[in-house]
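**Q** Here you go, sequence then predicted model.
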Amino acid sequence: MTTIELDCRPTETGWSCSVRLAEPGATQTRHEVTVARADLGRLAPRATDPTDLVRRSFAFLLRREPPTSILPSFDLTAIGHYFPEYESTIRG
């Protein structure tokens, strides 16, 4: 099972999250994800910070691809460009 560790820091427009994915006996991967305030409000309306949303988003990605296939740096909304069902799944 892949462990998801993350740290989100506020920025002018939202948050920047550093994510580390670790799987026993496998390569660790690191990722930088940006989350705009508007996107947090749309995808997780009750949330005050993006930590849970980013964690659930990485769990969503890991069900579809290995950690080494996840982009090293991206805006959270980019997931929807690759997986059209992302937003409806993550909100639901």
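**A** Structure received.
**Q** Pull the number of nearby residues for Pro66.
**A** The tally of other residues near Pro66 (other CB atoms under 10 Å) stands at 14. C-beta: built from backbone N, CA, C; applies to glycine.
**Q** do the same with Leu43
**A** 20.
**Q** Enumerate every residue touching it.
**A** Taking CB atoms under 8 Å, 6 or more residues apart in numbering as the criterion, Leu43 is in contact with 53, 76, 87, 90-91.
**Q** Report pLDDT for it.
**A** Model confidence at Leu43, expressed as pLDDT, equals 98.
**Q** quick revisit: which pair in the contacts of Leu43 spans the largest distance?
**A** In terms of CB to CB, those reach their longest pairwise distance at Leu76 and Arg91, which sit 12.8 Å apart.
**Q** Show me which of those two is the more surrounded one.
**A** Neighbour count, other CB under 10 Å: between Leu76 and Arg91, Leu76 has more, with 22 against 11.
**Q** how close does that one sit to Met1?
**A** Remark: distance between Leu76 and Met1 (CB to CB, to the nearest Å) = 23 Å.
**Q** Pretty sure Cys17 sits in a strand.
**A** Yes: for Cys17, which was evaluated using DSSP: H, G, I helix; E, B strand; the rest coil, the result is membership in a strand.
**Q** Under a three-state scheme, what state does the residue most central in space within the chain occupy?
**A** The residue lying closest to the centre of the chain (CA atoms, centre = their mean) is Val54, at 3.5 Å. Assigned by three-state DSSP, the conformation of Val54 is helix.
**Q** again, but for the one 3 residues further on
**A** Assigned state for Ser57: helix (three-state reduction, three-state DSSP).
**Q** For it, the count of nearby residues, please.
**A** When neighbours are counted by other CB under 10 Å, Ser57 registers 23.
**Q** those helices in the protein, which residues are they?
**A** Under the criterion DSSP state H, helices of the chain are mapped to 37-43, 51-62, 79-82, 86-91.
**Q** Would you check that Ile79 makes contact with Ser57?
**A** Yes: under the contact definition of CB atoms under 8 Å, Ile79 touches Ser57, with a separation of 6.1 Å.
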